[in-house]
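In: Provided below for reference: sequence and predicted model.
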Amino acid sequence: MAFDIEMIKKVYDNMKVRVDAAREIVGRPLTLTEKILYSHLWDGAAKQAYGRGVDYVDFAPDRVACQDATAQMALLQFMHAGKKTVAVPTTVHCDHLILAKNGAKSDLAVANTQSKEVFDFLSSVSNKYGIGFWKPGSGIIHQIVLENYAFPGGMMIGTDSHTVNAGGLGMLAIGVGGADAVDVMSGMSWELKFPKLIGVKLTGKLSGWTAPKDVILKVADILTVKGGTGAIVEYFGEGATSMSCTGKGTICNMGAEIGATTSTFGYDDSMRRYLTATDRQDVVDAADKVASYLTADPEVYANPEKYFDQLIEINLSELEPHINGPFTPDRGTPVSKMKAEAAANGWPIKIEWGLIGSCTNSSYEDMARAASIVNQAVEHGITPKAEFGINPGSEQIRYTIERDGIIATFEKMGTKVFTNACGPCIGQWDRAGADKEEKNTIVHSFNRNFSKRADGNPNTHAFVTSPEMVAALAISGRLDFNPLTDTLMNDNGEAVKLTAPFGDELPKRGFDVEDAGFQAPAEDGSSVKIVVSETSDRLQLLAPFDPWDGKNITGAKLLIKAFGKCTTDHISMAGPWLRYRGHLDNISNNMLIGAINAFNQTANSVKNQLTGAYDVVPAVARAYKAAGIPSIVVGDHNYGEGSSREHAAMEPRFLGVKAVLVKSFARIHETNLKKQGLLGLTFANEADYDKIQEDDTINFIDLVDFAPGKPLTLEFVHADGSKDFIMANHTYNASQIGWFVAGSALNLIAAEANS
């Protein structure tokens, strides 16, 4: 269930050999990031890697983790790969398909009924192919990975952008689309463009109200949601070693919000404590033997400006608690400035809900520190002004905090304890009154706060902060409350000042659990039958996408010119749409319904060039597809920011979109487009975005000469007969062009399996 110590020892033996060789070849000290990357190179990939940033490089990850929403499509694809079992340790975690409404017991029962077909499918596929299966209610994927599978110096990939959480235990853990996961599960290499390196030096020490969450909120404010694109962030310094392992996980987790490939910390005593507490002393013993390989060479941290492409320094002793938002996780406001900032921007001051949990902040320490604030309110007779809810990170966390009285403390304040699952963080929240779309404010300890993200209400102003700050703000009921300086009135009219939060890093009596919720796969799954009903509206077997015909794409229609921020939530919404994640046809009805049409500044309303009428985006795409007419999508900067969900690439592919042309891409989404046989292109001249008109027809001039490093020429024919020729860059290498030619990367895998 937990870890394969022999596999980990082999990783460490390989690391010693490869890191020593790499240091000799490169001729300089190495960062931790480089050590892990070099030790996981696919055979023969070293030449490109040592060039650092030159090209895509092939790697061999140690394990794969999938959450239930993305696992459906990943496993449907794996079924086509022709393999009898997965080639690397793989797990599936049921945490997304559980709606938060009334509380854990009833919500889980409803999910087990409504999504039984999906859970049974995931269970049977896992059983057949040697995959560990974590049942609904067992916990959130990234917390379970941290508790059971993550280890210092390892490399893993996961079908969720917050896979990066495992960096808190010194891994390079990277979020990918399902097709990437299928490659690794099938025993193939995994491809990544060798990243830039961002170093974050942490000096001083956290104290008082400041938490690890504030570190990443500050970093997000500095780098913005795209500042980490194409980079791995490595944290170091006295401030890093002074933090808990789960605190490090929180920081790495939200690295996804700055677009970073992943983030990590060097092996230290906090990791030793956490591994020991989670029954992995064997990992500590093995890691201690190679400890110098599990952090950067001393010269790197002594002179970091020589070894990182970008260096940020944060003094934790001076860092203030931050409250980031609304509508974007990189708009940082120190708590001392929130009163003025909120007034200047007209943000609703009254807080309606405070929410703690998600994969970002659901550890024992998070719950304990937040509970210490709640306990003060209870003891001083302060009635909370906002509603309050928590999602424990795992059944092990829930069981332990119930044993230790922490849940009882929360419940004294009327806290609603939701299932050990993602819940409101991913829009799985049936919030009363959200359909009224009233302007309001909520605060949470999640990672994302895009418009409509938590409750579907575009007017909900969601702010991200630490669990302890969520507790204080929810009790006060005011966004402009500063617990460092302000007082609260209790029920007797007395002024009370909250003292700084406190909580144990790890439970003094150890972790405990009766049933963690794990299902081991059958030793021989050959006899396991997987049944998918042809009439199901939840699951649908996949048909291969058509290969390229070798000709220039001509006569394509502009489907939508998206304006401004267009995240994967805009391209393929979550919330109620999660139920269709295993049914490509049905979920395609949400394609781009959240994107803003640049021509009318309206969501889900685009012109059908065949009729001249305006309709919803999926309907227009289906009309073009039915008529045999290809279409293209045009977008703005950082297109595809957010989740790893490959549905945002598969849906356009399924509905006849041939290319996505944007100013810039988020990393995972660009890769997902490539994997599904789409053309992911960027404007050579960003100003050309303005030349594209609503009635345009598009012709590719030189796609027949598609080659690495060679821009493509697109002819945009306007309604009046005039034309603009637009140059489009791309990052396809020879292998990726092979995916396009074959129709998808999966088509190539299946062809090789059948050859």
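Out: Done, it's in.

In: what about the stretch 551-700 of the chain, any weak spots by pLDDT?
Out: The stretch 551-700 of the chain contains no residues with pLDDT under 70.

In: nope, the chain is what I meant
Out: Residues of the chain meeting the criterion pLDDT under 70: 1-3, 45-54, 753-755.

In: can you tell me the SS state at the residue of it positioned farthest from its centre?
Out: Within the chain, residue 492 marks the point farthest from the mean C-alpha position, 45.3 Å out by Cα atoms, centre = their mean. Under DSSP: H, G, I helix; E, B strand; the rest coil, residue 492 falls in the coil class.

In: report how many residues lie close to the closest residue to residue 60 other than its chain neighbours.
Out: Leaving aside its chain neighbours, residue 60 sits nearest to residue 42 (5.0 Å; criterion: Cβ to Cβ, 6 or more residues apart in numbering). Using the backbone N, CA and C atoms, a C-beta is placed for each residue, glycine as well. Neighbours of residue 42 under the rule other Cβ atoms under 10 Å: 16.

In: cool, and residue 567?
Out: Neighbours of residue 567 (other Cβ under 10 Å): 25.

In: that one contacts residue 451, correct?
Out: No: the pair residue 567 and residue 451 fails to qualify as a contact (Cβ atoms under 8 Å) at a distance of 9.4 Å.

In: mind naming the longest helix for the protein?
Out: helix 5-26 (DSSP state H).

In: for whichever helix or strand comes after that helix, packing partners?
Out: Next helix or strand after helix 5-26 toward the C-terminus (DSSP states H and E): helix 32-39. Packed against helix 32-39 by the contact rule (3 or more Cβ pairs under 8 Å, 6 or more residues apart in numbering; DSSP states H and E) you find helix 5-26, helix 46-49, strand 172-175, strand 231-236, strand 262-265.

In: out of the ones you listed, nearest to residue 596?
Out: Of all these, strand 172-175 sits nearest to residue 596, with 25.5 Å by Cβ to Cβ.

In: can you list contacts of the closest one?
Out: 33, 36-37, 40, 61, 145, 150, 154-167, 192, 232, 252, 256, 261-262, 264, 644, 668 (Cβ atoms under 8 Å, 6 or more residues apart in numbering).

In: and the helix or strand following that strand, what does it pack onto?
Out: Downstream of strand 172-175, the first helix or strand assigned by DSSP H and E is helix 178-185. With contacts defined as 3+ Cβ pairs under 8 Å, 6+ apart, helix 178-185 has these neighbours: strand 63-67, helix 68-78, strand 155-158, strand 190-193, helix 667-675, helix 745-754.

In: ok, the helix or strand just after the second one: who's next to it in the sheet?
Out: Tracing the chain past helix 68-78, the next element assigned as helix or strand by DSSP H and E is strand 90-93. Looking at strand 90-93 with DSSP bridges, its partner strands are strand 63-67 (parallel), strand 132-134 (parallel).

In: and the closest residue to residue 701 other than its chain neighbours, which of the three is it?
Out: In this structure, residue 701 finds its nearest non-sequential neighbour in residue 713, 4.1 Å apart by Cβ to Cβ, 6+ apart. Look at residue 713: counting by three-state DSSP, its state is strand.

In: just to revisit the earlier point, thinking the residue farthest from the centre of the chain is in contact with residue 381, fair?
Out: Yes: the criterion here is Cβ under 8 Å, and residue 492 meets it with residue 381 at 6.2 Å.

In: okay, now the residue nearest to residue 264 when sequence neighbours are not counted: neighbour count?
Out: Counting by Cβ to Cβ, 6+ apart, residue 167 is the residue found nearest to residue 264 once chain neighbours are left out, at 3.9 Å. Look at residue 167: counted by other Cβ under 10 Å, it has 28 neighbours.

In: wait, residue 167 sits on residue 250?
Out: No: counting by Cβ under 8 Å, residue 167 stays clear of residue 250, with 10.3 Å between them.
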